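Undergrad: Sequence and predicted structure below; questions after.
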Amino acid sequence: MRIAVLTSGGDAPGMNSAIRAVVRAGLYYGIEVYGVYDGYRGLVAGNFEKMTRKSVSEILSRGGTVLGTARMTSFQQKEVREIAIENLRKEGIEALIVIGGDGSYKGALALNEMGFPTIGVPGTIDNDLGGTDYTIGFHTALATIVDAVDKLRDTASSHQRCSIVETMGRHCGDLAIAAGLSCGAEFIITPEHPMDKEKMIENLKKHKLEGRRNAIIMITENTTNVYELAQEISERSGFACRATVLGYVQRGGSPVAEDRILAGRMGAYAVELIKQGISGVAVGVSHNDLVYMPYEKALDRDRGSMQDLYELIGKIS
Ligand SMILES: Nc1ncnc2c1ncn2[C@@H]1O[C@H](COP(=O)(O)OP(=O)(O)O)[C@@H](O)[C@H]1O
Ligand SMILES: O=P(O)(O)OC[C@H]1O[C@](O)(COP(=O)(O)O)[C@@H](O)[C@@H]1O
Ligand SMILES: [Mg+2]
């Protein structure tokens, strides 16, 4: 049997560990594995290469993705996906493993509906997929944010300032909330936990009067303009405020052990499912057990493992 693997959408630390697991598990089961370069773009261009044990050696600890990734809007068109399927079939490839986020899953679902078997592996720092407690990359990005916020608190405290920290996450607050709780942020603002600006400014005034030396406001991107918010807080609360947008640094770096293990387990599991003739599903981890589910469930995000953290904000932040 011959299968292919690709990474798609935003890169995430641990994607390489997942690629390695797919290739090595494939070889273990006597399956040939082809790597597709640059996500769906490589699928359409026929940019494939047969992977060997050696082609995935020494990648386990590397950030990014050795296969490259891309965002390709035209993959939403059926005619473009038809070319991809034709290319896969020409190479004798019978199934495709897609490591990516929600957008990539939509592409994988569409291929499956067109008769080409696919399996999704959750690879995104955003943790914005349903049916899985965690996505590959989330814990590494979280560690990077926590490290940055600890540093920002040092400088904020020295100057008696308030610090707004904007995280990635697209429209999902998991990174901001987990980082906010890990760093003891005074305020956490996410799409699921919106800002009460007046209350926040009142509290900051009180903090300032009490002589507190710093305050951290964690906020998910696409929520508000953090530079304008910093200015307004400075003017209205008397607590000098600065904003830091963490940006792409959150996507890079060597994956933490948790992401490496998660990626290894899920990559190998995806191969096992294909071997069992199962496709049209996404894999995940639930209560530390490997699970698989229809793409629709992965795309219909319930609050999953983060629900209790949202409730915790009110109690301890
Ligand atoms: N509705 C869709 N149908 C087919 N392909 C899609 C669809 N949505 C997204 N994709 C493909 O998946 C790619 C990755 O999606 P994107 O949302 O950018 O990242 P992620 O998968 O990390 O969430 C897109 O660039 C596009 O090629
Ligand atoms: O790399 P781009 O195209 O600037 O996109 C930035 C987006 O990618 C992410 O880093 C990861 O998102 P995806 O996993 O959906 O690709 C988001 O947090 C962020 O909003
Ligand atoms: Mg996404």
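TA: That came through, no problem. Ligands and ions are numbered 1, 2, ... in the order given.
Undergrad: Could I get the full set of helices for the stretch 101-250 of the chain?
TA: 102-113, 138-159, 174-183, 197-209, 226-237 (DSSP state H, counting those that start in this stretch).
Undergrad: Please state the offset of the second one from the chain centre?
TA: When C-alpha coordinates are averaged (C-alpha atoms, centre = their mean, to the nearest Å), helix 138-159 and its chain have centres 19 Å apart.
Undergrad: could you point out where the stretch 51-200 of the chain is predicted with low confidence?
TA: Applying pLDDT under 70 to the stretch 51-200 of the chain flags no residue at all.
Undergrad: Report the contact partners of the nearest residue to residue 260 once chain neighbours are set aside.
TA: In this structure, residue 260 finds its nearest non-sequential neighbour in residue 17, 4.6 Å apart by C-beta to C-beta, 6 or more residues apart in numbering. (Each C-beta comes from the backbone N, C-alpha and C, glycine too.) Residues in contact with residue 17 (C-beta atoms under 8 Å, 6 or more residues apart in numbering) are 59-60, 136, 255, 259-260, 263-264, 267.
Undergrad: same thing but at 10 Å, please
TA: Residue 17 sits next to 56, 59-62, 123, 136, 255, 259-267 when contact means C-beta atoms under 10 Å, 6 or more residues apart in numbering.
Undergrad: repeat for residue 289
TA: By C-beta under 10 Å, 6+ apart, the neighbours of residue 289 are 133, 265.
Undergrad: how near is it to ligand 3?
TA: Distance, residue 289 to ligand 3, by C-beta to the ion, to the nearest Å: 24 Å.
Undergrad: Can you name the residues of the stretch 101-250 of the chain sitting close to ligand 1?
TA: Counting by C-beta under 6 Å from any ligand atom, the stretch 101-250 of the chain comes close to ligand 1 at 101-104, 106-107, 110, 124.
Undergrad: Most neighbours among the residues you listed, which one?
TA: residue 124 (30 neighbours; other C-beta atoms under 10 Å).
Undergrad: If we ignore the residues flanking it in sequence, what's nearest that one?
TA: Closest residue to residue 124 apart from its sequence neighbours, by C-beta to C-beta, 6+ apart: residue 101 at 3.3 Å.
Undergrad: so who does the one you found touch?
TA: Per C-beta under 10 Å, 6+ apart, neighbours of residue 101: 8-10, 12, 120, 122-129, 135-137, 170, 172, 298.
Undergrad: Residue 297 now?
TA: Counting by C-beta under 10 Å, 6+ apart, the residues that residue 297 touches are 129-132, 281-282, 284, 291.
Undergrad: Neighbours of residue 213, how many?
TA: Count around residue 213 with other C-beta under 10 Å applied: 14.
Undergrad: Looks like it contacts residue 240 (just checking).
TA: No: at 11.3 Å, residue 213 does not count as touching residue 240 under the criterion of C-beta atoms under 10 Å.
Undergrad: ok, the residue of the chain found nearest ligand 2 - contacts?
TA: Nearest residue of the chain to ligand 2 (C-beta to the nearest ligand atom) works out as residue 10 at 2.7 Å. Shown in contact with residue 10 (C-beta under 10 Å, 6+ apart): 65, 69, 71, 100-101, 103-104, 123-126, 137, 168, 170, 248, 250-251.
Undergrad: joint contacts of residue 213 and residue 240?
TA: 156, 159-162.
Undergrad: who wins for neighbours among the residues you listed?
TA: Greatest neighbour count in these, by other C-beta under 10 Å, goes to residue 162: 27 neighbours.
Undergrad: Quick check, it in contact with residue 239.
TA: Yes: assessed by C-beta under 10 Å, residue 162 is found in contact with residue 239 at 4.5 Å.
Undergrad: what sits against the residue nearest to residue 97 when sequence neighbours are not counted?
TA: Nearest residue to residue 97 in three dimensions, chain neighbours excluded: residue 5, at 4.4 Å (C-beta to C-beta, 6+ apart). Contact partners of residue 5, counting by C-beta under 10 Å, 6+ apart, are 18-19, 21-23, 26, 33-36, 51, 67, 95-99, 119, 121, 267, 270-271.
Undergrad: Residue 5 in helix, strand or coil?
TA: Following DSSP: H, G, I helix; E, B strand; the rest coil, residue 5 is assigned to strand.
Undergrad: And it, how close does it get to ligand 3?
TA: In terms of C-beta to the ion, residue 5 sits 19 Å off from ligand 3.
Undergrad: do the same with residue 227
TA: 25 Å.
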